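**Student:** Quick one, structure for this:
(one chain, ligands or ions: 2)
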Amino acid sequence: MITLGIETSCDETALCLLETRDNEYRILGNIVHSQIESHKEFGGVVPMLAKREHIKNLPILYEKILKEAGVSEKMIDRIAVTQGPGLEPALWTGILFAQELSKKISVPVAPMNHMEGHIVASLLLQSGSHKEFQPLKTAKFPALAVLISGGHTEIVKIEKLGSYEVLGSTVDDAIGEAFDKVARMLSLPYPGGPEISKLAETARKENVPKKITLPRPMIHSKDLKFSFSGLKTAVLYALREIGTPTPEQIMDVSREFEDAVTEVLISKTEHALEDYETHTLIIGGGVIANTHIREAFEKLAAKHGILLYLPAAGLSGDNALMIALCGSFPNTIKPSSEGFKASGNLSL
Ligand code: KG4
Ligand code: ZN
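**Tutor:** Ligands and ions are numbered 1, 2, ... in the order given. As a prediction, the model looks like this:
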């Protein structure tokens, strides 16, 4: 079965052609077209600009992926498209494209949850096209997922694939959003996560003196809620004291910020591991591209003797492979879901 995956929830226009048989899959084509350059000058994603870009890119990328994969439209068996969560004007572009195409080629279209996509992305072995069928990583259930992206920070209990319960999430900013906002305060380009991460790494390597201390919000609360907006404000106050920061001070703030969010993430995940039986820990979302956070989760999983699944290179950020994979699972096509709408706040 060949599934066409479509992802347009934010600033990536992404398409994927995924072939599955039994529990194996092969990637026939996988394109992620980033709009970062268009949004950079605004310091963040502009929803209407994202919408315009998606509308322009989708037909071009669709022709491209068919051609490169050597697949004709007639070979597509179903379409899976992100319904939410995300920016509604952006989501609508993918949904309308998918619904029109579904009529044109007479195949069903299934609405997918972007966050479920980030969970299953961590079960894939690789992102590049490959000719051989391969299995997914085998997760043992119950599992726990920690989803950390530009729009979300949540801990999710997974009874089995398709059965999710959000145990706790952020009460204000998402972790990636906090990275991006702090980066902006430090006059670093968008997206700020990778920039802060680079500077933090240099600070550690060069032993830049630790002069700034930031809070670890809600680290001692027994629940699984997060809050990053106070941390962002603490950075703002620290920078006000400093005035114009030197390159060393920028590195110091970056390292301390990264340490603070990492400690909170690990501590909350550890609470969850203590409270819920867990055989596999799955981390997903754009922020897990962060090396420091990856290493901290690796240590945590080793300490608790549990299986840890992190996304392979190229699969932590938004992509359509994860959407196609969700769409290829049995029972995802429901006749009642035809004519579905974008849902910016869709939850798991
Ligand atoms: O999952 P994603 O691609 O899009 C959303 O669904 O939000 O996540 C994007 C977020 C951005 O906030 C970006 O700054 C952050 O992931 N990010 C990182 C790193 N790479 C991307 N944050 C910290 N360290 C990184 N290396
Ligand atoms: Zn995402």
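**Student:** residue ranges for the strands of the stretch 101-250 of the chain, please.
**Tutor:** Per DSSP state E, counting those that start in this stretch, the stretch 101-250 of the chain carries strands over the ranges 109-113, 134-135, 143-148, 153-160, 163-169.
**Student:** contacting residues around the closest residue to ligand 1 within the stretch 1-150 of the chain?
**Tutor:** Closest approach of the stretch 1-150 of the chain to ligand 1 (Cβ to the nearest ligand atom) occurs at Gly150, with a separation of 2.8 Å. In this view, the C-beta of every residue, glycine as well, is placed from N, C-alpha and C. For Gly150, the contacting residues are 10, 174, 176-177, 180, 191, 286-287, by Cβ atoms under 8 Å, 6 or more residues apart in numbering.
**Student:** which residues in this protein form helices?
**Tutor:** 36-40, 47-69, 88-105, 114-121, 175-185, 192-205, 229-242, 247-275, 291-304, 321-328 (DSSP state H).
**Student:** which of those has the lowest average pLDDT?
**Tutor:** For the helices of the chain, the weakest mean pLDDT is recorded on helix 36-40, namely a mean of 85.
**Student:** other SSEs contacting that helix?
**Tutor:** helix 47-69 (3 or more Cβ pairs under 8 Å, 6 or more residues apart in numbering; DSSP states H and E).
**Student:** and the helix it packs on, anywhere near ligand 1?
**Tutor:** No - shown here: helix 47-69 not in contact with ligand 1 (Cβ under 6 Å from any ligand atom), separated by at least 11.8 Å.
**Student:** Also stretch 246-257?
**Tutor:** No - residues of stretch 246-257 contacting ligand 1 under Cβ under 6 Å from any ligand atom: none, with a closest distance of 10.1 Å.
**Student:** chain center to that stretch: distance?
**Tutor:** 26 Å (Cα atoms, centre = their mean, to the nearest Å).
**Student:** Tell me the buried residues in that stretch?
**Tutor:** 249-257 (16 or more other Cβ atoms under 10 Å).
**Student:** Contact residues of the stretch 1-150 of the chain facing ligand 2?
**Tutor:** Selection of the stretch 1-150 of the chain residues close to ligand 2 by Cβ under 5 Å from the ion yields Ser149.
**Student:** Sounds good, over and out.
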